[in-house]
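# mind folding the following:
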Amino acid sequence: MSAPITIRLATVEDYPGFLSVARETHEHHVALLPHVFRSVEDVVPDAYFAGMVTGEESCIMLAEQEGVIVGYATLQFHHASYDFLVPRTVGHIDNFGVAKACRRMGVGRLLFEACRERATAMGASSLDLDCWEANQGAIRFYESLGMQVSRRRFTIDL
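All right, here's what the predicted structure looks like:
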């Protein structure tokens, strides 16, 4: 039996471990969408990470196994700011990643549930995320969590 997975909020000191999983997740996107993503060393700048973990309207949830970071979700809160929108707060998972060696072990579900709980505690009325159409495995995962498509983004190459 493998060691249990724990979920917690990230701190600034977690950047190196977070970056390891973020790089792996980014390279997955590079392989899926090489016309959109390219390999870079600094996939998440340290200043951005620090802002996310110290901000009042954001956080990063980490999954750990035996003290090693094996997954993350970056969560931001947005508030309706136009009169034509119903006033509400939306939790948005901006980035989500699980180390390849830990996929299909429940890590993603634990991270998602932690984001759902945090969004609820912050007064959010919904939890949203975006996913590239090419990432069919992620789409199936999100659908298995009960998520559904609420809008579509179209593009055309020029």
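
# show me what the longest strand anywhere in the chain is packed against.
Assignment by DSSP state E gives strand 68-79 as the longest strand of the chain. Secondary-structure packing of strand 68-79 (3 or more CB pairs under 8 Å, 6 or more residues apart in numbering; DSSP states H and E): helix 15-32, strand 58-65, strand 89-98, helix 107-121. Where you see a C-beta, it was placed from the backbone N, CA and C, and this is true even at glycine.

# centre of the chain to stretch 12-30, how far?
11 Å (CA atoms, centre = their mean, to the nearest Å).

# swap in stretch 16-36?
Worked out by CA atoms, centre = their mean, stretch 16-36 lies 12 Å from the chain centre.

# any regions of the protein where pLDDT drops low?
Within the chain, the ranges that satisfy pLDDT under 70 run 1.

# in stretch 110-124, what's buried?
Buried residues in stretch 110-124, counted by 16 or more other CB atoms under 10 Å: Leu110, Leu111, Phe112, Ala114, Cys115, Arg116, Arg118, Ala119, Ala124.

# could you double-check that Ala80 sits in contact with Arg88?
Yes - counting by CB atoms under 8 Å, Ala80 does reach Arg88; the two are 5.3 Å apart.
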